[in-house]
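S.K.: Below: sequence and its predicted model.
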Amino acid sequence: MNASKLVILDRDGVINEDSDAYIKTPEEWRPLPGSAAAIARLNHAGYRVVVATNQSGLARGYFDQAGLDAIHRTMAAHLEGAGARLSGVFFCPHGPDDGCACRKPLPGLIDQIVAEYGDVTGVPMVGDSLRDLEAGVARGCRPVLVLTGKGRRTLDKGLPETLGPVDVYDSLAGFVDQFLKDPS
């Protein structure tokens, strides 16, 4: 299967507001302005949109699987209200010391996406942190940094040359506006 009509997004800081205290309940999930409409525009242009997100709050005991599922149902309902949908949500439930292969910056979540959707070379990986970009680049994705969430802090720290060229946008909406004009 060809994944060329695919876009991969991080969740917290890209689709919804991020929190250093974690998003632990559906009530704490707050969409970023314009994110749902941006995903809808991608969908209407024929793109499948998937999420690749670290959710170490599971391992840390801040919420359980049912709580995470409820957060994702809230997100899906909000997106649906804007005419948008996600084709999949891939998440790492592990903590930083668990030694898994799926916690970004490792590419395990991207590997799961490859298994389901095919080669992701050139597919945009949109994130607000260096780890998002590194996970995507490890599998040939095009790194896109948004300045929402932790994005401004990430940019201010400097991006390593090992990433290659990184596209930088104020928000997911800004990326989508440009991407739909010129997807290359």
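M.R.: Received, thanks. Numbering: from 1, shown residues only.

S.K.: C-alpha from now on. contacts and neighbour counts both.
M.R.: OK.

S.K.: what packs against the helix ranked longest in the chain?
M.R.: What stands out as the longest helix in the chain, according to DSSP state H, is helix 65-81. On a contact count with 3 or more C-alpha pairs under 8 Å, 6 or more residues apart in numbering; DSSP states H and E, helix 65-81 meets helix 35-44.

S.K.: Next, the buried residues of stretch 65-78.
M.R.: 68, 70-72, 74-76, 78 (16 or more other C-alpha atoms under 10 Å).

S.K.: try stretch 9-21
M.R.: Applying 16+ other C-alpha under 10 Å to stretch 9-21 flags 9-18 as buried.

S.K.: packing partners for the longest strand belonging to the chain?
M.R.: For the chain, the longest strand by residue count, based on DSSP state E, is strand 48-54. Helices and strands touching strand 48-54, by 3+ C-alpha pairs under 8 Å, 6+ apart, are strand 6-9, helix 35-44, strand 88-92, helix 108-117.

S.K.: Mean neighbour count, the ones you listed: which tops it?
M.R.: strand 6-9 (a mean of 24; mean count of other C-alpha atoms under 10 Å).

S.K.: mind listing what that one pairs with, with the direction of each?
M.R.: Looking at strand 6-9 with DSSP bridges, its partner strands are strand 48-54 (parallel), strand 124-127 (parallel).

S.K.: What's the first helix or strand after the last one?
M.R.: Under the assignment DSSP states H and E, the closest C-terminal helix or strand after strand 124-127 is helix 130-137.

S.K.: That following helix versus strand 48-54: what angle between them?
M.R.: Angle, helix 130-137 to strand 48-54, by axes from the mean of the first three to the mean of the last three C-alpha atoms, to 10 degrees: 130 degrees.

S.K.: Residue ranges in the protein under the pLDDT threshold?
M.R.: Along the chain, the parts satisfying pLDDT under 70 run over 1-3.

S.K.: what's the spacing between Asp98 and Ala59?
M.R.: Separation of Asp98 from Ala59 (C-alpha to C-alpha, to the nearest Å) stands at 9 Å.
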